[in-house]
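[1] Turn this into a structure:
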Amino acid sequence: MLLSGRSQQLPLTFSDGQGEDNLGQPSGSQQLPLAFNRCDVYDFESYIPGINKNAVDYLLNAAKGYGDKNIYIWGEEGAGKSHLLQAVCNSVAETGRPCVYLPLTQISDFTREMFSSLEELSLVCMDDMDEIAGKEDWETAAFNLFNRLKDAQTPLIMSSRRSPNGSLIRLPDLKSRLSWDLTFRLQPMDEALKIAALKRRAETRGFELTDGVVEYLIKRVSRDAHNLFRWLDRLDKHSLIAQKKLTVPFVKQILEESEKIMSTR
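    Residues are numbered from 1 along each chain as shown. Alright, predicted model coming up:
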C-alpha cells in the first residue's frame with residue numbers, strides 16, 4: 001500500500017534524466033515539467049498489494065508497454081493511488097521512455113497548457129481527477145487531452161477518490177470516458193498490511209523498524225495510512241540528526257516533544 005506521502009509538488013516528467021519537455025508554466029516560475037530521475041520510494045517493490053494484486057498486475061503491464069488501454073483506479077485516501085501512479089512512471093522511465101505524472105491537486109499553480117503535446121509521450125498519469133471536477137475549463141482541457149491520447153494510442157492512467165459513475169465531473173462526455181477501459185477499486189490496508197508497509201518503507205530507507213517500535217507508534221498516533229507514514233518520515237529524520245537507532249524510548253521522546261510543541265500553538 002502507500003508507503004510515503006506525496007513528496008513532489010510539481011507536474012513531473014519521468015525520463016532517463018537526459019531530456020526535458022515543454023508542458024506549460026506555473027505563474028512566475030520556471031518552465032515545467034522538470035526532468036525527473038527515478039525515485040526509489042515510489043516503486044512497485046515498495047508497494048504491498050494485498051488484495052489489490054489484480055490492479056497492480058495491470059499497472060505493471062501498462063508500465064512495461066503491454067496494451068494501450070486506459071486504467072482508472074479509485075479508492076479512499078491512503079489506499080496507495082499516488083504511490084502506484086508514480087511507480088508506473090518510474091518503471092517506464094527505467095526503460096528510457098518518456099512519461100509524465102500530473103498531480104492535479106496542484107492545478108491552481110499551473111495553466112491548462114501543461115496538457116499540451118502529452119500525446120507524444122509513452123504514457124500519462126493523472127492523479128486526483130476529483131480536483132478538476134466542476135472546473136469547466138479544466139474539464140474541457142482534460143476531455144481534449146483524453147481524445148488526443150486515444151488517437152495516439154498513448155495509455156492514460158487516472159486516479160480518483162470516487163468511482164467513474166460517482167465522479168463529480170460535470171462534462172458528460174468526459175465523465176463517460178472515465179470508465180471506457182479498465183477500472184479498479186483499491187481496497188484500504190488492514191492493520192497487518194500497515195505494519196508490513198511501515199517495515200518495508202523503513203527497509204527501503206536502510207534502517208530497521210522493530211516490532212516493538214511499530215506497536216508503540218500505532219498505539220500512540222492516528223492509524224490512518226498517511227499519518228503513519230508521515231510519522232515514519234519524521235522519526236527517520238530525527239534518527240539521522242541524532243545519530244540514534246529508532247528504539248521505543250527514542251520514539252517516545254520524539255512524540256512527547258511533538259505533543260509539547262502542538263500544545264503551545
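[2] Could you check how far Asn52 is from Phe110?
    For Asn52, the distance to Phe110 equals 30 Å [C-beta to C-beta, to the nearest Å]. For the C-beta atoms, the positions are set from N, CA and C on the backbone; glycine is no exception.
[3] what's the answer for Arg170, then?
    Separation of Arg170 from Phe110 (C-beta to C-beta): 21 Å.
[4] Neighbour count: Asn52 and Phe110, which is higher?
    Each of Asn52 and Phe110 has its neighbours counted (other C-beta atoms under 10 Å); Asn52 has more, 24 against 21.
[5] now the more buried one, nearest residue through space, not along the chain?
    Spatial nearest neighbour of Asn52, chain neighbours left out: Leu186 (5.2 Å); criterion: C-beta to C-beta, 6 or more residues apart in numbering.
[6] Check Arg220 too.
    Take Arg220 and drop its neighbours on the chain: the residue closest to it by C-beta to C-beta, 6+ apart is Leu255, 5.6 Å away.
[7] Tell me the helix or strand right after the host helix or strand of His83.
    His83 belongs to helix 81-94 when assigned by DSSP states H and E. Toward the C-terminus, helix 81-94 is succeeded by strand 99-103 as the next helix or strand (DSSP H and E).
[8] Just checking: what are the partner strands of that following strand?
    strand 12-14 (antiparallel), strand 123-127 (parallel) (DSSP bridges).
[9] Measure how far that strand is from the centre of its chain, please.
    When C-alpha coordinates are averaged (C-alpha atoms, centre = their mean, to the nearest Å), strand 99-103 and its chain have centres 10 Å apart.
[10] tell me the mean pLDDT over stretch 236-253?
    Mean per-residue pLDDT for stretch 236-253: 93.
[11] the helices in the stretch 1-150 of the chain, which residues?
    53-63, 81-94, 136-152 (DSSP state H, counting those that start in this stretch).
[12] how far away is Phe229 from Gln253?
    Applying C-beta to C-beta to Phe229 and Gln253 gives a distance of 20 Å.
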